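Chemist: Just a sequence and a predicted model for now, questions to come.
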Amino acid sequence: MFEKFKELLKEEMRCERKELPKGIKMQVESFNLWYGKTQAIKSVNMDLKENKITAIIGPSGCGKSTLIRGLNRMNDTISSVKTEGKVWLDGFNIYDSTTDCVDVRRQVGMVFQKPNPFPFSIADNIYYGCEVNGMKVEKDEVVERCLKQSALWDEVKDRLDENALSLSGGQQQRLCIARALATEPEVILMDEPCSALDPIATAKIEDLIDELKNHYTVVIVTHNMQQAARVSDYTAYMYLGELIEFGDTTQIFENPQENSTEKYITGRFG
Amino acid sequence: MKMQKKSKMMVIGMIGILLVASVLMAGCTEDDGVNEVTVTGSSTNLPIAQMCAEEFNSEHDNIRVSVSGGGSGYGISAIIEGTADIGMSSRDIRQSERDQIPDLVEYTIGIDGLAIIVSKPVYNAGITGLTTQQVIDIYSGQTNNWNEIGGPDEDIYVVERAETSGTYGSFMDMMGLEETAAHSTQLENSDVRRTVTTSDYAIGYVGMAYTGGDAPAVSLDGVEPTVANVQAGHYSLQRNLYFYLNGEPTGAVKEYVDFVMSSRGQEIVAEVGFIPAH
Amino acid sequence: MISRRAKDKMVHYTFFGIATVSVLIIFFIFIFLFVEAYPAIQRFGSELLSRDWNVARNQFGLLPAIFGSVLVAVGALVVAVPLGLGAAIYLSEIAPNRIRVLLKPFIELLAGIPSIVYGFIGAILLGRFLYDTFGMRGTNSFLAGILVLGVMALPIIVSMSDDSLKAVPKDLKDASLALGATKWQTIRKVTIPAAISGISSAVIMGMGRAIGETMAVMLIIGSVMRIPVPFFDIFESGNTLTALIAVQMGEAHGIIINVLFTAGIMLFTIVAVMSIISDILQKRTTDKFEGKR
Amino acid sequence: MNIRKLISLWIFTVSTVVAILGFWALATRMDVEYWMFFVALTLISASYYLSGIYHHMTEKDMNGVFMLFYASIVLMVAAFSFYLPEILDMRQWEINARIPNFFFYSLSMLFLGIFSSYLSFRPFYNFKKEGAQMGAYYMLYITMIFTLIPLFVILFNIVYRGAGGITWEFLTEDIISMGERGGVYPAILGTLALILVTAVIVLPLGVGTAIYLAEYARKGLAVRVIRTAVNILQGTPSIVHGLFGYAFFVLILFDGQKCLLAGALTLAILTLPIVIRSAEEALNAVPGDLRDASLALGASKWQTIKKVVLPPSLPGILTGTVLGLGRAAGETAPIMFTAVYFSGAGTPSSLLRPIQALPYHLLSLYRLIGYRDVDLQAWATALLLLIIVLGVNVSAIIIREKYRQRF
């Protein structure tokens, strides 16, 4: 506690600002991350374009998930993690000492690998984000808007008070997306959102993601290259914590510049 | 692989412990030729039986006397059921109990005065004697404050023994009470003593041996509970302390009883604060 | 040479035999208690639930002891639950790892301190302290019992609640944090509700221990069979079922033994009802997590 | 330096000092005069007023209201304290207590201090939700401290008062003169013998039952009933076990003779559910695919249990058993009617003879305090009992940590 005191009692520093080029929502600038002594992310630089879908692909353990968790400071919840570098969101560095990671997370929503609805009712799940952030909104309105946005409304509109865990896996995941939308984020991060789902549910989620890019900037981590090719506008290929290649999805899949990318995409390893 | 090795060693260790234990047990069950004498019952008699047993045990290698408390009723039912060799009692045996023991043998090992003790502050404030009527009033809840009988203006904290104990029975009989308004029920004499001494305005009753120090005994109807007064029969609250046996004692039991009744045994009775029977 | 199949069968029957013995022992206790209590129940019937207790007159109303047991247990929870829950939340959610590894085994150890030691300390140190502070009539009181039992229940409640808070899946907490909730909001709105079954079974366990505790209570409660007037007067002394058994059993003979067995059955029933409630609570929350309503 | 933070820190410091003073006064029954309480009140409310003025300019809504509310509580308490008599005689309401007012003052100081320091975090974080979080954390620190205080007091007292009594004589000599002199040697041996015999009885029974329940029994009604029975037995108060042990083992089985075996049997029943449950848990923690893999390789069921299931679950079983035995070692109620005599029983020599045991010895010595000079002996016995029981538990924890296995 006293550490915290000292920290807070330091001179208030002015938040660092940087004007991002037009059309770029987030910018990752020489970002490094360590778990204890192992470096998981090695100086990654990346631009995330507004209202576009960016996919991150790569073999297991390459740091995809770590990187995406770095974009809304979810890594702060693990005590052994150390970071270096900057991530700009609308001109603010989210790793700045004065930035509040809780605010960051409100602006950058996240959907996890496994559907993880709270054991509350469907409506309460969605309203939760508004409640904790003290947003003054009508509950019914938010629930309806988010469920409609996530194409779940027709399926659940009669059972909003039911426990969210009674939904099927695909529905649960769409509920999680709807829940992330409720706090009115600008960026949505998805960490392998379809890996626990069957093909039909996956197709629905993919349609939904495509829908979402009209309003949000979406970053998606995926294991499934077809999926990346189908849904994304930009693709980043990572290997062993490094960003090997980043570019237009069509370019990455049809004409990869790097040898390693080509090998991965054609399925020769990974 | 490593883990398996560890587990194996643990299995061996556990089996080893079990083996050692069973060997020990087998060794234990062998009779070592020691004669057991068990004495149980009234906690008032306990110090006598206890101190005698200690001295007796140190003199006899082949006899071991174990003493435990429990209360007079427990002592008597122990000899009815044959669970102990000697039952101690601080009250006379009841007729219903006598009927169940055909060969009852009774030894009066000592005489006890039932002393009324009060907390030191009360004693110092001038309550050094009570009348029988005052004690009855206090125990029946009619007198609630010490100032009603000339003491400090403080509530009386009334301590009694558990209803099943011999001392409780004797006290209630002698006072002619059926019911009390006590604030604390204690299991044994020493518990009563401690409860009275740790509170500032308490009253309780204990065997004579348990008085003195922080727990001064008050005189009853002007008679102090002293050895001389009890011996002369002046003190009204007095009772005999008994050893009850089922049948004439033999062997080790006889030796122990004889020791208690011997002049050395009776000296011990006096040492722990009671009056020798002869 | 016995075939492997036959050997397998034999082992099976051996274990079946052992399990049967254990189970028989358990049920035998239940039956034996009832058999021993039966003479008293038959003779006194509902008088056993009255408030009059007088051995000389053969009145054996156990109500004061039942009342005392409940009062003491509830009081102990009032002391232990706020403190214990707070400490558990601190340990499981906030404490830095090195403090946690230090404190958690320490608290588990404290749960193992024998009750006679708590009783001894409580009777020697606490009785006189409370007597002086509150100007009570004497050193024995419900309050002393409540405080000692509260302290005794603390380690159990802390340790069990901590376990159930720790068992809440991390992805639930992550989901909440990712929505912009602070850690404290997450604890309050997600972690605690998710762990509520474990926490309530910890509380019930603590209460069970408080009701079943004998030695600590016996030394400080005063053991008088009377319901205080007014009934919430915790500065008076009283009795609990356990203390009643412990104090009277030593000198009991005849019908009192059967009465004490009835008291034992009452204790037993209270505890059984509590453990069934805790089972139901547990079940309900598992259902919730599995999506059944 | 930021003034806002300075004010917060100041309020926090003042309130913490007030809280500590209040606690100290409560614990030592120090006379707290009403003026001390007033000084504390004035200091804290003045500080708040200051911060209120400062914040009022930046935080428009909640702040002013919150300050007014707080100040009114403070004023009400202050006004009430004038009417508080020197000693509040609760006997006028038939409650058996007479509470001196220092108690109210020190208690109020304690709570006032804690509450103010709790609130002091809000201006610190500019009344954002992190302020509430910091305040909540602070309250949790406090509960942790208050949880540890009584436990430390207990440990400190036992060690401080008992350590002087633990001498070589105390550990090796017989009980002399009702515990006034001599030691507790027979009681130590008695307790150890009790644990050992209990272990011998309970291990095969408990582990065998657990293996049956976890590996063989079909999950049906019967198993559910058994499990419920085990649960109920685990929660059963130890005095009920004592009652059963006395009525069944002592009176019926051993002809009224208290003895080591009767005590051990009672304790075995007491620990049986603990052993069954922990062993079953340990067995169930072994994943099912391991069993399937072994069976698929042609091993028989018993071979699978022996070679695949038991080895990894052994540490868990052992931990549970040792914890159960640790509990058994400290129990008084089940043995006081079944196995123990205060003295004279000597070192345990036969299963069918009474013994002496440390917990019961402590109880007996406690009873004699005041009548006999046994204070030091009693504290030393308590310390010794604590060392033995905690030693058993520590060894269980060590087993658990050392051989812990993850699947």
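Modeler: That came in fine, so what should we check first? Numbering: from 1, shown residues only, chains lettered A, B, ... in the order given.

Chemist: pLDDT weak spots in the chain?
Modeler: Just going to use chain A. The model of chain A has pLDDT under 70 over residues A:1-16, A:268-270.

Chemist: try again with chain D
Modeler: D:1-4, D:48-75, D:77-84, D:123-127, D:298, D:342-346, D:404-407.

Chemist: tell me, which helix in it spans the most residues?
Modeler: Identified as the longest helix of chain D according to DSSP state H is helix D:129-162.

Chemist: In terms of secondary structure, what does that one contact?
Modeler: With contacts taken as 3 or more C-beta pairs under 8 Å, 6 or more residues apart in numbering or on different chains; DSSP states H and E, helix D:129-162 sits against helix C:63-89, helix C:97-110, helix C:115-121, helix C:142-166, helix C:183-186, helix D:101-119, helix D:121-124, helix D:375-402. Glycine gets a C-beta too; all of them are placed from N, C-alpha and C.

Chemist: Kindly state which of these is positioned closest to chain A.
Modeler: helix C:183-186 (4.5 Å; C-beta to the nearest C-beta).

Chemist: Would you pull up the residue in the stretch 101-250 of chain C closest to chain A?
Modeler: In the stretch 101-250 of chain C, the residue that lies nearest chain A is C:G180 (3.0 Å; C-beta to the nearest C-beta).

Chemist: any idea how far that residue is from chain B?
Modeler: Going from C:G180 to chain B by C-beta to the nearest C-beta, to the nearest Å gives 44 Å.

Chemist: how about the CA coordinates for stretch A:98-112, as PDB?
Modeler: Only the C-alpha atoms of stretch A:98-112 are listed here, as PDB (Å, rounded to 0.1, in the frame of the first residue of the first chain):
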ATOM      1  CA  THR A  98      -1.200   8.100 -15.700                       C
ATOM      2  CA  THR A  99      -3.600   6.000 -17.800                       C
ATOM      3  CA  ASP A 100      -6.200   4.100 -16.000                       C
ATOM      4  CA  CYS A 101      -6.200   0.500 -17.200                       C
ATOM      5  CA  VAL A 102      -9.900   0.200 -16.100                       C
ATOM      6  CA  ASP A 103     -10.800   3.000 -18.500                       C
ATOM      7  CA  VAL A 104      -8.800   1.300 -21.200                       C
ATOM      8  CA  ARG A 105     -10.700  -1.900 -20.900                       C
ATOM      9  CA  ARG A 106     -14.000  -0.100 -21.100                       C
ATOM     10  CA  GLN A 107     -12.900   1.400 -24.500                       C
ATOM     11  CA  VAL A 108     -11.300  -1.800 -25.700                       C
ATOM     12  CA  GLY A 109     -13.700  -4.700 -25.200                       C
ATOM     13  CA  MET A 110     -12.600  -8.300 -25.300                       C
ATOM     14  CA  VAL A 111     -14.100 -11.700 -26.100                       C
ATOM     15  CA  PHE A 112     -12.400 -14.800 -24.800                       C
END
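
Chemist: wait, does it contact chain C?
Modeler: Yes. Counting by C-beta under 8 Å from any C-beta of the partner chain, chain C has neighbours in stretch A:98-112: A:102-103, A:105-107, A:109-110, A:112.

Chemist: State the helix or strand in which B:R239 lies.
Modeler: Here B:R239, judged by DSSP states H and E, is contained in strand B:238-246.

Chemist: Check B:M88 too.
Modeler: B:M88 belongs to strand B:86-89, assigned by DSSP H and E.

Chemist: Please enumerate residues in contact with that strand?
Modeler: With contact meaning C-beta atoms under 8 Å, 6 or more residues apart in numbering or on different chains, strand B:86-89 is reached by B:37-42, B:45-46, B:49, B:72, B:75-79, B:166, B:241-245, B:253, B:256-257.

Chemist: Sort out for me which of these are in helices.
Modeler: Those of the contacts of strand B:86-89 lying in helices (DSSP H): B:46, B:49, B:72, B:75-79, B:166, B:253, B:256-257.

Chemist: before we move on, the earlier item: name the next helix or strand downstream of the strand holding B:M88, please.
Modeler: Heading C-terminal from strand B:86-89, the first helix or strand you meet, by DSSP H and E, is helix B:95-98.

Chemist: any idea of the mean pLDDT in that next one?
Modeler: If you average the pLDDT over helix B:95-98, you get 82.

Chemist: What is it packed up against?
Modeler: Partner elements for helix B:95-98 (3+ C-beta pairs under 8 Å, 6+ apart): helix B:72-80.

Chemist: Please see if the helix it packs on touches chain C.
Modeler: Yes. Using C-beta under 8 Å from any C-beta, helix B:72-80 reaches chain C at B:72-74, B:76-77.

Chemist: what ranges do the helices span in the chain?
Modeler: Just so you know, I chose chain A. Going by DSSP H, chain A shows helices at A:2-9, A:64-70, A:101-107, A:122-132, A:139-149, A:153-156, A:169-182, A:199-212, A:225-231, A:249-254, A:259-265.

Chemist: Hmm, no, I was thinking of chain C.
Modeler: C:4-44, C:63-89, C:97-110, C:115-121, C:127-134, C:142-166, C:170-178, C:183-186, C:192-212, C:215-220, C:241-249, C:255-290.

Chemist: again with chain B
Modeler: Ranges of helices within chain B are B:2-29, B:46-59, B:72-80, B:95-98, B:120-124, B:132-140, B:166-175, B:189-198, B:227-232, B:251-261, B:263-271, based on DSSP H.

Chemist: Residue numbers of the stretch 51-200 of chain B in contact with chain D?
Modeler: B:51, B:53-54, B:57, B:64-69, B:78, B:81-84, B:155, B:187-191, B:193-194, B:197-198.
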